[in-house]
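S.K.: Next one to model:
(2 chains)
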Amino acid sequence: MTDLVTTFSALGDPTRLAIVERLMAEGALSAGELQDIADISAPAISRHLKVLRQAGLITQTVDKQRRIYSVQPGAMQTISTWTLSHQEFWNGSLDRLAAALKQE
Amino acid sequence: MPTLTLERDFDAAPEKVFDYVSKTEHLLKWWGPEGVFLSEHQLAFDRKGPWLSVMQNDAGQRFKVSGHVTHVDPPHSIGFTWAWHDENDVRGVESHVTIKLVPAQNGGTRMQLNHVDLPDESAANHEQGWTSSLRKLTRLLDA
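M.R.: Model prediction:
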C-alpha cells in the first residue's frame, strides 16, 4: 500500500507531475527523452526522477547504458479516480489477454 | 500528436491470437484493465463497421469509447478508429489503432499495437483526473 501523503507530496511539484503524466501517456521513456519536460538541467531532472522513484510512483530499469523510466501501476491504483489513459487501458487489457490465452 | 506503441509476445499461434483480438466472445474476456467492468458493448473486430464499449469502475466513473473497424485481414492485422466520449456523450478527438500479428520462431505470435494520432492527454484528461482526485482527497481529509 503506497502512502498517500508521500505520493501526493512527490506530485506536488509541476515538473514531477508533468513527468508522471508524460509516462502515463507515452509509456516507458529514458531520462534523455524526458529532458524537454522543463527548462532545467539534466541533473535537476535526475533529482526529480529520484524523488518519484523513492515515492514508489515510477520504476527504473537499465537498458544497456540507458536508464528507462515507467509508471508503477500499483501506485496509480492508490489514486482511484485517475483518468483512464490509453497507456493504462492497453497495458491492463493486454495483461488480461495474455492470461486468457494461457487459460485454454 | 503522441503515439503509443506496445509489443507483446504470446505462445499461441497467430490464428488463435487473431480470434482473441477480433471475436466478441473472446474480446469480452480481456477488454479493459483490471478494476473496470463493461456495462455496455458492441465489440467485434472481425468485420468492418461500428464498435463501442462503456467501462465503469468501482468509484462509479464511466468511460465510453467508440469507433469504426476500418480493416480486417486475418490472421495478420486489424485497424479501427477510437475516440472517448465525454460526460455529455460528445465524441472527442479521433485516434487510430492498428493491431499487427507476426508469426514468431517458436510458433507463437508477436503482437504490435500502435495507437496513433492521440490527443495530448497530459494537457487535457490527466490534468482533470488529477484535479478531481485532489479535490476528492481534500474532501476526505476534511471530513
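S.K.: What about A:Ser41, how many residues nearby?
M.R.: Other residues lying near A:Ser41 total 10 when counted by other CB atoms under 10 Å in any protein chain shown. Any C-beta I mention is one placed from the backbone N, CA and C, and that applies to glycine too.
S.K.: What separation do you get for it and chain B?
M.R.: Applying CB to the nearest CB, to the nearest Å, the value for A:Ser41 to chain B is 22 Å.
S.K.: Name the SS class of whichever residue of chain B sits closest to chain A, please.
M.R.: Per CB to the nearest CB, B:Pro33 is where chain B lies closest to chain A, at 2.1 Å. Assigned by DSSP: H, G, I helix; E, B strand; the rest coil, the conformation of B:Pro33 is coil.
S.K.: Looks like it contacts A:Ser93 (just checking).
M.R.: Yes. Between B:Pro33 and A:Ser93 there is a contact under CB atoms under 8 Å: 5.9 Å.
S.K.: Distance of the residue of chain B closest to chain A relative to B:Arg91?
M.R.: B:Pro33 is 22 Å from B:Arg91, where distance means CB to CB, to the nearest Å.
S.K.: between these two, which one's more packed in?
M.R.: Comparing B:Pro33 with B:Arg91 by other CB under 10 Å, the one with more neighbours is B:Pro33, at 20 against 13.
S.K.: picking up where we left off before, quick one: contacts for the residue of chain B closest to chain A?
M.R.: A:84, A:88-89, A:91-93, A:95-96 (CB atoms under 8 Å, 6 or more residues apart in numbering or on different chains).
S.K.: please redo it, this time with the cut-off set to 7 Å
M.R.: For B:Pro33, the contact set (CB atoms under 7 Å, 6 or more residues apart in numbering or on different chains) comprises A:88-89, A:92-93.
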